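In: the sequence and its predicted three-dimensional model are supplied below.
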Amino acid sequence: MTVKPLVILPDPLLRKASRPIERVDDELRRFADDMLETMYDAPGIGLAAVQVGEPIRMLVIDVSGEDEEKRPQVFLNPDIVRRSDEMSTYEEGCLSIPDYYAEVERPATVTARFLGLDGEMHEIEADGVLATCLQHEIDHLNGVLFIDHISKLKRDMVVKKFTKAARRTVA
């Protein structure tokens, strides 16, 4: 398994919608392993393929606690098919926006439909951190970042900070 380099804001790739996965094969399974390795190395609880430079509709999640056994999940072509009216707020962060966190309100419960690595369609009902993480990562597949759910003033400040840091890195 290989740890992949992360795509960091303001990279325009993060704003592109990812393309659907057409087939599940061994190469895709190896890429899923690489994504999980990258997510654990970061460390994070979720990662979309676009965050490692592959704009395909694939994400990995593991919301198990530090002292728990790992429970990695891989979602291909995921879509949220139901959202609860009840909302919940979590402090979110993002591997593509390092060291920045903000409170984000999202539906408390979601139902997602997705293709598994077995090539079969699955459905999962999620609440708590898993629901938040699924929504956050699916947003990535649509070119949406968690900072799009905060005030314009805060978002503009974050984008400006990362744009300035990117210029310093290039110079």
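Out: Received, thanks.

In: so in the protein, which helix runs the longest?
Out: Secondary structure of the chain per DSSP state H: the longest helix is helix 152-170.

In: now do the contacts for the residue nearest the centre of the chain.
Out: Centroid-nearest residue in the chain, with Cα atoms, centre = their mean: E137, separated by 2.7 Å. The contact partners of E137, taken as Cβ atoms under 8 Å, 6 or more residues apart in numbering, are 46-48, 59, 61, 75, 78. All C-beta spots, glycine's among them, are computed from the backbone N, C-alpha and C.

In: same thing with R82?
Out: With Cβ under 8 Å, 6+ apart, R82 has these contacts: 110-111.

In: which of the residues in the host helix or strand of it are buried?
Out: Here R82, judged by DSSP states H and E, is contained in strand 73-83. By neighbour count on 16 or more other Cβ atoms under 10 Å, the buried set for strand 73-83 is 73-78, 80.

In: reformat the residues you listed as CSV; add distance to F162 and pLDDT.
Out: CSV is the format used below for the buried residues of strand 73-83 (distance: Cβ to Cβ, whole Å; pLDDT from 0 to 100):
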residue, distance to F162, pLDDT
Q73, 29, 98
V74, 28, 98
F75, 27, 98
L76, 29, 98
N77, 29, 98
P78, 27, 98
I80, 27, 98
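
In: what's the closest of the residues you listed to G128?
Out: When the buried residues of strand 73-83 are compared for distance to G128 (Cβ to Cβ), Q73 wins out at 14.2 Å.

In: quick one: the closest one and V60, what's the gap?
Out: 7 Å (Cβ to Cβ, to the nearest Å).

In: what bits of this protein have low per-residue confidence?
Out: Scanning the chain for pLDDT under 70 picks out 170-171.

In: pull the contacting residues for I21.
Out: 28, 56-58, 76-77, 115.
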